[in-house]
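# Here is a sequence together with a model predicted from it:
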Protein chains: 2
Amino acid sequence: MTGQPVATRIVLASRPSGRPVAANFRLERETVPDIAEGEVLLQTLYLSLDPYMRGRMDDAKSYAKPVEIGDVMEGGTVARVVGSRNTAFKTGDTVLSHSGWQSYAISDGTNLRKLDPETAPITTALGILGMPGFTAYAGLRNIGKPKAGETLVVAAASGAVGSAVGQMAKIYGARVVGIAGGPKKCEYLCKELGFDAAIDHHSNDFPAELAAACPSGIDVYFENVGGHVWNAVFPLLNDFARIPVCGLIAHYNEGSSVLSGRDQLPAAMRAILRKSLTIRGFIQREFADQRPDFYHQVGAWISEGRLKYKEDIVDGLENAPEAFLGLLEGKNFGKLIVRVAS
Amino acid sequence: MTGQPVATRIVLASRPSGRPVAANFRLERETVPDIAEGEVLLQTLYLSLDPYMRGRMDDAKSYAKPVEIGDVMEGGTVARVVGSRNTAFKTGDTVLSHSGWQSYAISDGTNLRKLDPETAPITTALGILGMPGFTAYAGLRNIGKPKAGETLVVAAASGAVGSAVGQMAKIYGARVVGIAGGPKKCEYLCKELGFDAAIDHHSNDFPAELAAACPSGIDVYFENVGGHVWNAVFPLLNDFARIPVCGLIAHYNEGSSVLSGRDQLPAAMRAILRKSLTIRGFIQREFADQRPDFYHQVGAWISEGRLKYKEDIVDGLENAPEAFLGLLEGKNFGKLIVRVAS
């Protein structure tokens, strides 16, 4: 009666049209298969939920392949090795993997990174010491390049990427203005993370409040949302401003065209020309050779207490879809992680 | 009855609304004043006409101050020193100056650069060895960075900047596709300048012809026009494409907003993100410290016959307004220069 463990997994049931709904996901169960020579069996401990996953649900051309209908949703995970026929891993090892939204996964060992639970809490491998933290680090180091005295603005500022961007920019000597949804998040940015100002984008006077918080204009805008935040930021950009673009969460649910009375592209292009702006889209893996620097530097900043992080942990894989839908609306507060097993 | 020479000058009579017209300019005459200690009197030989001058006619915020109503139109010039009370210059010297649309000017010697007529024809200081050539050089070296085997597209390709961009990109080993208005210019690009392909943007099938000429997509788009050329280029951009933006001649006559049924900015931002695009506005003087390299390198390419240039010379300062209006509509063929005196 011992038998194989039963795995649960969440697959893409259908592609969303616009805003995703719970019915786009389906929970499935199956018996965990045996592992072959060279393979390891991974039990997922934590699953990272990130805005980029919205893009994978569409069939559109992107920098990564879409998830196919019926396939397990993609995602970064922290997992425990519970069976191994691979000499590089032994039962009990904790690893960073990309197992997706499922409780068990089989791996041949490629792209697994062993984690040392003594060095840092293992969940940080999904946040400040993982993809979101490296997105912040690489975007600032290679594109944003904030200088002492400059003003940096970041939206979704209490999220995994935004909070890292703002704190790193403070370390580099910039004045940092965060944009977030609601007074609680704004208070957290100023009181806990040391931002110079925080603006609630739900405010009726949001553009005016942002302008007041940026009396010398904006030198770096770390773009991860788009939409009405971009509209408020755009007129405040200084000559030679840099705009790393790592996400556009406000647009993820749009179709391929947006009806509007006004085409804003010509004005944007004119500003790019007149102000010598740099706009640069990126994904962190382009800068993979800088990861050793990142682990070293950011690890040091964390242990010196100069970088803080906040996690928003949801229990149970079955709750991942609802948590993910909330993420797209800014309902999380901190890095959103699903505890799949403990 | 010898007296002082009479100077003619063209001033901004009124600001255009949309497309400029002849009535926006006024020709004035005045007696050339005496020069004071430290000054030189310059007689303009050649005046450069360039698209950026359209921007100076507006009152809008830009990287340079607008020309005020009643002031002489701005412009680069090649001039002869015809009187000097400045020890650094003697009568008969030929200099590059920024005297504007006038036949005589007084200078205290700052920002004058002596030209050696033995080294290169003096008109090249306004074109291939001047601001347009340096715009091409700096935009490619710092932003476009074409690599061997990549595809570069440039519009206004028979113009001063475009023809230099395309030829330099060929030297760097790229496949070069030029966009120009009319079969004569297109033939010139392929037969005289060695472009791999040239597309007439007046063609009804322009987007399809451009796509056919770029079977491997576009890695560098040197943007100097905007408008419908951008729309055709945009879907062909490859991942990691670079877009130096040095001009937007198609938009110079637009107001601050463009009515349209569709806002193209969100799609542009999504492409920037998905394709990791770099869009970077610039003006050449940002890279002024690279000018010595430029004079050396481009001078060598010209004498080796690897860089060719074409000039479109109009006689008489009084014809500058009409020539300039034609430039905005692509009527020139080659670098547009006004011969003010010989």
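Great, that's in hand. Given the structure is predicted, the values throughout are model-derived calculations rather than measurements.
# rest of the way, CA atoms for contacts and neighbours
OK.
# which residues of chain A score low on pLDDT?
A:1-4, A:61-63, A:251-261 (pLDDT under 70).
# Now do the domain split for it, please.
A:6-126+A:310-339, A:131-287+A:295-300 (automatic domain parsing).
# Most tightly packed of these?
Looking across the domains of chain A with neighbours counted as mean count of other CA atoms under 10 Å in any protein chain shown, the highest average goes to domain A:131-287+A:295-300: a mean of 21.
# Just the terminal-to-terminal distance for that one.
17 Å (CA to CA, to the nearest Å).
# returning to that earlier point: of all the domains of chain A, which one comes closest to residue B:136?
domain A:131-287+A:295-300 (14.9 Å; CA to CA).
# How far off centre is the closest one?
14 Å (CA atoms, centre = their mean, to the nearest Å).
# same question, stretch A:309-319
Distance, centroid of stretch A:309-319 to centroid of chain: 14 Å (CA atoms, centre = their mean).
# Identify all contacting residues around it.
A:8-10, A:27, A:101-103, A:128, A:160, A:163-164, A:320, A:323, A:332-341 (CA atoms under 8 Å, 6 or more residues apart in numbering or on different chains).
# ok, and which of the residues you listed reach chain B?
Near chain B, judged by CA under 8 Å from any CA of the partner chain, there are no entries from these.
# Restricted to helices, list those residues.
The members of these that map onto helices under DSSP state H are A:160, A:163, A:164, A:320, A:323.
# would you list every one of the strands in the stretch 1-150 of chain A?
A:6-12, A:25-31, A:40-48, A:77-84, A:94-97, A:104-107, A:113-114 (DSSP state E, counting those that start in this stretch).
# From the rest of the structure, what touches the shortest one?
Right, the one you point to is strand A:113-114. Against strand A:113-114 from outside (CA under 8 Å, 6+ apart): A:93, A:94, A:95, A:96, A:97.
# now do 7 Å
Residues outside strand A:113-114 that contact it (CA atoms under 7 Å, 6 or more residues apart in numbering or on different chains) are A:94, A:95, A:96, A:97.
# Show me how far that strand is from its chain's centre.
Centroid separation between strand A:113-114 and its chain, computed with CA atoms, centre = their mean, is 20 Å.
# And the fifth one, by the same measure?
Its chain's average C-alpha position is 18 Å from that of strand A:94-97, according to CA atoms, centre = their mean.
# Can you say which of the domains of chain A is nearest to residue B:87?
domain A:131-287+A:295-300 (38.0 Å).
# closest one to residue B:264 among the domains of chain A?
Closest of these to residue B:264 is domain A:131-287+A:295-300, at 5.6 Å (criterion: CA to CA).
# From residue B:296, how far out is residue A:54?
51 Å.
# ah, wrong one, I meant residue A:130
For residue A:130 relative to residue B:296 (CA to CA), the value is 47 Å.
# try residue A:137
For residue A:137, the distance to residue B:296 - CA to CA - is 39 Å.
# All the helices of chain A, residue numbers only.
Using DSSP H, helices in chain A cover A:53-56, A:131-139, A:160-171, A:183-191, A:206-213, A:227-233, A:265-274, A:291-303, A:320-328.
# Get me the contact residues on the stretch 101-250 of chain A for chain B.
By the rule CA under 7 Å from any CA of the partner chain, the part of the stretch 101-250 of chain A lying against chain B is A:245, A:246, A:247.
# residues contacting the first one?
Applying CA under 7 Å, 6+ apart to residue A:245 gives the contacts A:222, A:223, A:224, A:280, A:281, A:282, B:273.
# let's go with 10 Å and repeat that
The contact partners of residue A:245, taken as CA atoms under 10 Å, 6 or more residues apart in numbering or on different chains, are A:139, A:143-144, A:221-226, A:279-283, B:269-270, B:272-274, B:276-278.
# and what of the last one?
Contacts were defined as CA under 10 Å, 6+ apart; by that measure residue A:247 touches A:51-52, A:161, A:222-226, A:281-283, B:269-270, B:272-274.
# ok, now with 7 Å
Residue A:247 neighbours (CA under 7 Å, 6+ apart): A:223, A:224, A:225, B:273.
# how close does residue A:51 get to residue A:334?
Shown here: residue A:51 relative to residue A:334, a distance of 13 Å by CA to CA.
# How about residue A:248?
18 Å.
# can you check residue A:307 too?
According to CA to CA, residue A:307 and residue A:334 sit 14 Å apart.
# What of residue A:304?
For residue A:304, the distance to residue A:334 equals 20 Å [CA to CA].
# and if you look at residue A:270?
For residue A:270, the distance to residue A:334 equals 36 Å [CA to CA].
# Not counting sequence-adjacent ones, nearest residue to residue A:84?
Spatial nearest neighbour of residue A:84, chain neighbours left out: residue A:40 (4.3 Å); criterion: CA to CA, 6 or more residues apart in numbering or on different chains.
# quick one: that neighbour and residue A:104 touch, right?
No: counting by CA atoms under 7 Å, residue A:104 is not a contact partner of residue A:40; they are 10.5 Å apart.
# Contacts only, for residue A:321.
Contacts of residue A:321 (CA under 7 Å, 6+ apart): A:22, A:25.
# Of the contacts of residue A:247, just say which sits nearest to residue A:124.
Nearest to residue A:124 out of the contacts of residue A:247 is residue A:224 (CA to CA; 20.5 Å).
# out of the domains of chain A, which comes closest to residue B:81?
Using CA to CA, the domains of chain A put domain A:131-287+A:295-300 closest to residue B:81, at 34.0 Å.
# Give me the phi and psi for the closest residue to residue A:124 other than its chain neighbours.
Nearest non-adjacent residue to residue A:124, counting by CA to CA, 6+ apart: residue A:130, 6.5 Å away. With angles defined as degrees, to the nearest 10, residue A:130 sits at phi -130, psi -150.
# Residue A:97 and residue A:115: what is the separation?
For residue A:97, the distance to residue A:115 - CA to CA - is 10 Å.
# meant to ask about residue A:127
14 Å.
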